[in-house]
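>>> Need coordinates for the following:
(one chain, ligands or ions: 1)
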Amino acid sequence: MEQPHALAEGGAGAGAGAGVEAIGDAYIIRPLELADLSKGFCDLLAQLSPSPPLSEEAFHARFAELAALGADHLILVAEDAATGRLAGAGAMLVERKFIRRCGLVGHLEDVVVDAAARGRGLGERLVHRLVEHARGRGCYKVILNCTTELKGFYAKCGFVEKNVQMGLYF
Ligand SMILES: CC(=O)SCCNC(=O)CCNC(=O)[C@H](O)C(C)(C)COP(=O)(O)OP(=O)(O)OC[C@H]1O[C@@H](n2cnc3c(N)ncnc32)[C@H](O)[C@@H]1OP(=O)(O)O
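Alright, predicted model coming up:
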């Protein structure tokens, strides 16, 4: 079977957050594509967490795994229309539960805006698009983990503080 070139935009039951959106003339927000490895995707992720460059083989293999999850795993990127480089990214994972009558929960992950593009509303825009995707899939909530310093940003995006984050690292 031919490898898909872009992560799922949804199809039937797709979230309202998928698709291509132009922000003014400056940025285009769209699902991650195979070609994004050469558009600075790894440089962007490195601003989030230690993330050495990926080989094309490794990127393609992970991309195929994610594509197989369909609209349950959406990665959106913001492409700078002038340079073709990526200026932002974020992910929404849809968790399928048994509780709440087989309810769905959205997990917001790996939101990052290139240091040179911060403070222009791009991060908030990406989060909004991903949250709308989760809402469109039927999620009853979206949750995330972040540092104390980012509480203000997520509050701007409509999130409220809830419970305690814990971790066990291997
Ligand atoms: C769930 C996770 O992924 S947590 C990981 C989050 N990512 C990171 O920490 C990576 C490094 N940081 C970044 O990439 C960026 O700073 C981001 C994604 C946090 C914010 O992206 P930006 O594009 O700069 O944010 P944006 O311009 O949309 O800001 C929206 C609003 O939040 C405010 N804001 C942005 N960052 C912060 C912050 N750290 N603390 C408080 N408020 C903030 C802005 O001032 C703006 O408010 P305004 O509308 O009143 O002007």
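
>>> Assign a three-state SS to Asp25, would you?
Secondary structure, DSSP: H, G, I helix; E, B strand; the rest coil: Asp25 is coil.

>>> For the ligand, see how far away the closest residue to it other than its chain neighbours is.
Closest residue in space to Asp25, ignoring its immediate chain neighbours: Ala81 at 6.1 Å, by CB to CB, 6 or more residues apart in numbering. All C-beta spots, glycine's among them, are computed from the backbone N, C-alpha and C. Separation of Ala81 from the ligand (CB to the nearest ligand atom, to the nearest Å): 16 Å.

>>> is stretch 44-57 anywhere near the ligand?
Yes: counting by CB under 6 Å from any ligand atom, the ligand is contacted by stretch 44-57 at Gln47, Leu48.

>>> and Leu45, what does it touch?
Taking CB atoms under 8 Å, 6 or more residues apart in numbering, we find Leu45 in contact with Ser51, Ala89, Asp110, Val112.

>>> let's see it at 10 Å
Ser51, Pro52, Pro53, Leu54, Leu86, Ala89, Asp110, Val112 (CB atoms under 10 Å, 6 or more residues apart in numbering).

>>> Pull the number of nearby residues for the residue nearest to Asp25.
The number of residues packed around Ala81, counting by other CB atoms under 10 Å, is 14.

>>> Quick check: phi and psi at it.
When read as degrees, to the nearest 10, the backbone of Ala81 gives phi -60, psi -30.

>>> Likewise for Gly103?
Phi and psi for Gly103, reported as degrees, to the nearest 10, are phi -70, psi 160.

>>> where's it relative to Val131, distance?
To Val131, Gly103 is 16 Å away according to CB to CB, to the nearest Å.

>>> Over to Leu144?
Distance, Leu144 to Val131, using CB to CB: 10 Å.

>>> how close does the residue nearest to Asp25 get to Ser51?
Distance of Ala81 to Ser51, computed by CB to CB: 25 Å.

>>> so what's Ala58 scoring on pLDDT?
Predicted confidence (pLDDT) for Ala58: 97.

>>> what about it, is that helix, strand or coil?
Put simply, Ala58 is helix when judged by three-state DSSP.

>>> So it is in contact with Glu65, correct?
No: counting by CB atoms under 10 Å, Ala58 does not reach Glu65; the two are 11.0 Å apart.
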